[in-house]
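Chemist: Attaching a predicted model along with its sequence, questions to come.
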Amino acid sequence: MKIDNFFAELKRRNVYKVAVAYAVVAWLLVQIATQVFPFFEIPNWAVRLVVLVLIAGFPVALVFSWAFEITPEGIVRESEIESGKSITHHTGRKIVALTIVLAVVATGLLIFQFVRPRSTSPSAATISNKSIAVLPFDNLSGDPQNAYFSEGVQDEILTRLAKIAELKVISRTSTQRFKSAPNDLRQIAQQLGVENILEGSVQKANDQVRVNVQLINALTDAHLWADTYDRKLTDIFAVETEIAKTVADVLQAKLTGSEQHVIAARPTANSEAHQLYLKGRFFWNKRTGDDLKKSIDYFQQAIAADPNYALAYAGVADAYVFLPGYTAGSPQDCYPKAKAAAKKALELDDTLAEAHTTLAIALLLYDFDFAQAIREFQHAIELNPNYATAHQQYGNIGLIDLGRFDDAIAEGNRAAELDPLSLVINADVGANYYYARRYDEAIAQLRKTLEMDPGYYYAYITLGEALEMKGAGDTAIAEYQKARALNDDPSVLGLLAHAYAASGTKTGALKILDQLKALSKQRYVAAYSFTLVYLGLGDKEEALHWLEQSYQDRAGGDIEGIRVDPFLDSLRGDPRFEALAEKVIPAAQFGNKAALKQ
């Protein structure tokens with residue numbers, strides 16, 4: 001066959017048209033696969049398989065087009081069709097029409113892919129391969145009383161990994177929601193925004209301990225590393241260090257000299273003190289007023305067993321600094337104790353990011369020393385970039401109070417990235433939007449937090465505040481009432497009374513005022529709650545009296561936001577109020593980065 005006749009025959013048999021049509025169909029199928037497969041969590045290799053099959057099918061389609069013809073009677077070999085009865089001309093028209101339709105559909109899908117709104121949830125493409133979550137370790141000791149030990153080992157391995165700057169390590173608050181060795185590792189990893197999962201178990205018997213660990217790439221289900229450690233109880237720190245170093249090596253995270261030193265640290269040589277410390281953290285992590293008090297008892301026992309145990313002092317500081325927030329202690333009693341314990345911890349070990357963070361909180365909430373507090377927050381983050389609480393508190397009580405709203409929101413979002421399932425961190429992101437007067441974003445964030453846990457009363461409080469400031473008083477009252485039904489925190493009563501009075505129901509506000517006065521004789525009630533009631537009633541003089549009392553009580557958690565608190569707007573410009581605000585945050589520091597560096 002002459003070459004000219006060959007090309008003419010290719011055209012007559014629609015081989016060119018089939019090639020174009022096949023390319024368009026293949027393009028369409030690839031578009032569908034890349035957009036639909038991720039929705040059903042089908043692995044990426046399936047998309048690659050589709051592409052390979054389509055490539056392999058291209059020559060088959062061309063051969064088929066050359067050798068066969070589609071007729072009304074079915075598919076017939078080209079050689080069996082009588083001359084003059086071929087209908088390739090009509091078939092070609094149909095192929096062209098079909099190709100045009102499919103090309104339009106494929107082009108539409110491609111345009112949709114470019115213009116559609118992008119999901120804010122982390123995708124496989126944006127997740128770092130040096131990101132990891134340490135899931136709860138199983139307690140295989142056969143004794144539920146040893147749960148504190150398995151949780152403690154997990155927590156300490158996580159803490160050592162978190163000090164490696166090249167790694168993104170998810171905080172314990174988020175990982176504790178998942179049991180060890182779950183079946184849906186891929187889903188958990190996507191929810192936490194990580195690629196790798198470390199899971200394991202701990203078995204403790206007398207002075208012996210066995211730790212099993214395995215590192216898994218959750219997105220591919222590839223097992224990267226596993227090992228078992230049988231050691232004496234006194235060697236547990238060495239085991240934790242070895243695990244942390246191995247994980248870093250497998251994930252190709254480079255350690256600086258200081259990081260190698262920090263993760264190899266042996267906090268105490270006293271095994272009894274270590275176990276007492278782990279029991280303290282076990283109760284501290286429960287975050288209730290009673291459990292915080294129990295944790296202090298265990299931390300102090302650990303200090304008695306080893307007076308040079310820096311982490312135990314840090315534990316005492318962490319517990320005392322949060323007690324007022326859980327209405328389990330007064331600021332005047334708790335904050336000085338927190339500050340003293342944090343300073344002692346840092347005297348013994350200046351590398352503890354947790355102690356620097358707690359010291360910053362105490363300096364800010366008790367001494368109103370914003371300049372030093374900011375420096376402590378920043379140093380804590382330098383020491384441990386993965387410490388979510390440092391980012392959270394730096395944004396929520398440091399930067400927000402200084403009017404640096406964008407910086408505060410960025411720190412809050414970073415905390416949420418490191419601890420995505422933490423209720424308090426997610427609620428504080430909403431609080432940051434609230435103080436920035438971005439009420440719609442605050443409401444959306446707080447509703448998202450309540451979807452995570454409808455029983456989280458703090459989110460209802462801040463949601464009510466945002467709604468009230470937006471003018472939705474009745475809806476705000478409903479949210480305050482939900483918070484009150486979940487927790488007997490007296491601060492909710494002050495907000496509820498303010499909302500009642502602002503909506504014209506002064507009798508309800510006065511009734512709550514009497515209730516707060518009676519409660520104050522039985523337990524600590526913040527002066528700020530009385531400020532809110534009197535503001536709602538329109539009595540500015542009495543409101544200022546109680547606000548000044550809040551300052552005298554060193555109730556920093558209530559008054560540190562004096563320059564940004566929307567509830568206090570009606571007092572701005574009053575000489576007494578401005579004098580008080582100057583004591584808390586000097587005007588020269590408000591919104592001024594340079595002033596805080598002096």
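Modeler: Received the coordinates, thanks.
Chemist: Could you confirm G200 falls within a strand?
Modeler: Yes. Per DSSP: H, G, I helix; E, B strand; the rest coil, G200 lies within a strand segment.
Chemist: what about the closest residue to it other than its chain neighbours, neighbour count?
Modeler: Nearest residue to G200, sequence neighbours excluded (Cβ to Cβ, 6 or more residues apart in numbering): V213, at 3.9 Å. (Glycine included, C-beta is placed from N, CA and C.) Residues within reach of V213, counting by other Cβ atoms under 10 Å, total 24.
Chemist: list the contacts for G473?
Modeler: 467, 499, 502-503 (Cβ atoms under 8 Å, 6 or more residues apart in numbering).
Chemist: One more: V316?
Modeler: 296, 299-300, 303, 337-338, 341.
Chemist: ok so, going back, make sure I have this right: the residue nearest to G200 is in a strand.
Modeler: Yes. Counting by three-state DSSP, V213 is located in a strand.
Chemist: On the pLDDT front, check K540 for me.
Modeler: At K540, the model reports a pLDDT of 97.
Chemist: Need the residue closest to the centroid of the protein.
Modeler: Of all residues in the chain, the one closest to the mean position by Cα atoms, centre = their mean is P420, 2.0 Å from it.
Chemist: State the distance from that one to D235.
Modeler: P420 sits 34 Å away from D235, taking Cβ to Cβ, to the nearest Å as the criterion.
Chemist: re the thing from before, return the residues in contact with the residue nearest to the centre of the chain.
Modeler: 170, 174, 191-193, 426 are the contacts of P420 under Cβ under 8 Å, 6+ apart.
Chemist: Averaged over its residues, which helix or strand of this structure has the lowest pLDDT?
Modeler: helix 593-596 (a mean of 54; mean pLDDT, DSSP states H and E).
Chemist: thinking again about what came up before, now flag whichever of the contacts of V316 is closest to I132.
Modeler: Checking the contacts of V316 against I132 with Cβ to Cβ, the nearest one is F299 at 28.1 Å.
Chemist: Surely Q301 and L276 touch.
Modeler: Yes. Using Cβ atoms under 8 Å, Q301 is in contact with L276, at 4.7 Å.
Chemist: can you list the contacts of V316 in CSV and add pLDDT, distance to V239 and neighbour count?
Modeler: Output for these, formatted as CSV (pLDDT from 0 to 100; distance: Cβ to Cβ, whole Å; neighbours: other Cβ atoms under 10 Å):
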residue, pLDDT, distance to V239, neighbour count
I296, 97, 28, 23
F299, 97, 23, 29
Q300, 97, 27, 18
I303, 97, 24, 23
K337, 97, 34, 18
A338, 97, 32, 27
A341, 97, 28, 28
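Chemist: pLDDT wise, what is the residue nearest to the centre of the chain at?
Modeler: 94.
Chemist: now it, what's its secondary structure?
Modeler: coil.
Chemist: what sits against A226?
Modeler: 212-215.
Chemist: Tell me the most packed of these, by neighbour count.
Modeler: Going by other Cβ under 10 Å, V213 tops the contacts of A226 with 24 neighbours.
Chemist: mind listing what's buried in stretch 198-209?
Modeler: For stretch 198-209, the neighbour count (16 or more other Cβ atoms under 10 Å) marks 198-204, 209 as buried.
Chemist: With stretch 464-483 instead?
Modeler: So, applying 16+ other Cβ under 10 Å, buried residues of stretch 464-483: 464-470, 472-473, 475-477, 479-480, 482-483.
Chemist: What average pLDDT does that stretch get?
Modeler: Stretch 464-483 carries an average pLDDT of 96.
Chemist: rewinding a little: of the contacts of P420, which is the nearest to D553?
Modeler: Proximity of the contacts of P420 to D553 (Cβ to Cβ) peaks at N426, which lies at 29.3 Å.
Chemist: so how far is E451 from that closest one?
Modeler: 10 Å.
Chemist: more crowded one of these two?
Modeler: N426 (26 against 10).
Chemist: so the closest residue to that one other than its chain neighbours, which of the three states?
Modeler: Among residues not flanking N426 along the chain, T449 sits closest, at 4.3 Å (Cβ to Cβ, 6+ apart). Counting by three-state DSSP, the backbone at T449 sits in helix.
Chemist: Check which residues of stretch 480-498 are buried.
Modeler: Buried, per 16+ other Cβ under 10 Å, within stretch 480-498: 480, 482-484, 486-487, 489-498.
Chemist: scratch that, stretch 405-415 is what I was asking about
Modeler: 405, 407-409, 411-412, 414-415.
Chemist: can you list these in JSON lines and add pLDDT and secondary structure?
Modeler: Putting the buried residues of stretch 405-415 into JSON lines (pLDDT from 0 to 100; DSSP: H, G, I helix; E, B strand; the rest coil) gives the following:
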{"residue": "F405", "pLDDT": "96", "secondary structure": "helix"}
{"residue": "D407", "pLDDT": "96", "secondary structure": "helix"}
{"residue": "A408", "pLDDT": "97", "secondary structure": "helix"}
{"residue": "I409", "pLDDT": "97", "secondary structure": "helix"}
{"residue": "E411", "pLDDT": "97", "secondary structure": "helix"}
{"residue": "G412", "pLDDT": "97", "secondary structure": "helix"}
{"residue": "R414", "pLDDT": "96", "secondary structure": "helix"}
{"residue": "A415", "pLDDT": "96", "secondary structure": "helix"}
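Chemist: Let me know the closest of those residues to E541.
Modeler: For those, the nearest to E541 is F405 (30.9 Å; Cβ to Cβ).
Chemist: Same question for stretch 553-572: list its buried residues.
Modeler: Buried, per 16+ other Cβ under 10 Å, within stretch 553-572: 553-565, 567-568, 571.
Chemist: can you give me the helices in the stretch 401-550 of the chain?
Modeler: 405-418, 423-435, 439-452, 457-469, 473-486, 491-502, 506-519, 527-537, 540-552 (DSSP state H, counting those that start in this stretch).
Chemist: typed the wrong thing, it's the stretch 101-250 of the chain
Modeler: Under DSSP H, counting those that start in this stretch, the stretch 101-250 of the chain gives helices at 147-162, 172-175, 185-192, 236-250.
Chemist: Including mean pLDDT, could these go into CSV?
Modeler: Converted to CSV, those look like this (pLDDT from 0 to 100):
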stretch, mean pLDDT
helix 147-162, 91
helix 172-175, 87
helix 185-192, 88
helix 236-250, 93
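Chemist: To P307, which of those helices lies closest?
Modeler: helix 236-250 (18.7 Å).
Chemist: Show the secondary-structure elements that that closest one is packed against.
Modeler: helix 147-162, strand 208-217, strand 222-232, helix 257-263 (3 or more Cβ pairs under 8 Å, 6 or more residues apart in numbering; DSSP states H and E).
Chemist: Give me the buried positions along the last one.
Modeler: Judged by neighbour count using 16+ other Cβ under 10 Å, the buried positions of helix 257-263 are 259, 262-263.
Chemist: what angle do the next helix or strand after it and strand 222-232 make?
Modeler: Remark: after helix 257-263, the chain's next helix or strand is helix 271-284, criterion DSSP states H and E. Inter-element angle recorded for helix 271-284 and strand 222-232: 130 degrees (by axes from the mean of the first three to the mean of the last three Cα atoms, to 10 degrees).
Chemist: who touches the helix or strand just after helix 271-284?
Modeler: Following helix 271-284 in sequence order, the next helix or strand is helix 289-305 (DSSP H and E). The contact list for helix 289-305, computed with Cβ under 8 Å, 6+ apart, reads 268, 270, 272-274, 276-277, 279-284, 309, 312-313, 315-316, 319-320, 322-323, 326-329.
Chemist: Output the helix or strand just after helix 289-305 in PDB with nothing but the alpha carbons.
Modeler: Per DSSP H and E, the first helix or strand lying C-terminal to helix 289-305 is helix 310-322. C-alpha atoms of helix 310-322 as PDB (Å, rounded to 0.1, in the frame of the first residue of the first chain):
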ATOM      1  CA  ALA A 310      11.900  21.400  87.800                       C
ATOM      2  CA  LEU A 311       8.900  19.900  86.000                       C
ATOM      3  CA  ALA A 312       7.100  19.300  89.300                       C
ATOM      4  CA  TYR A 313       7.400  23.000  90.100                       C
ATOM      5  CA  ALA A 314       6.200  23.800  86.600                       C
ATOM      6  CA  GLY A 315       3.200  21.600  87.300                       C
ATOM      7  CA  VAL A 316       2.400  23.500  90.500                       C
ATOM      8  CA  ALA A 317       2.600  26.700  88.500                       C
ATOM      9  CA  ASP A 318       0.300  25.400  85.700                       C
ATOM     10  CA  ALA A 319      -2.300  24.300  88.200                       C
ATOM     11  CA  TYR A 320      -2.400  27.500  90.300                       C
ATOM     12  CA  VAL A 321      -2.500  29.800  87.300                       C
ATOM     13  CA  PHE A 322      -5.700  28.100  86.000                       C
END
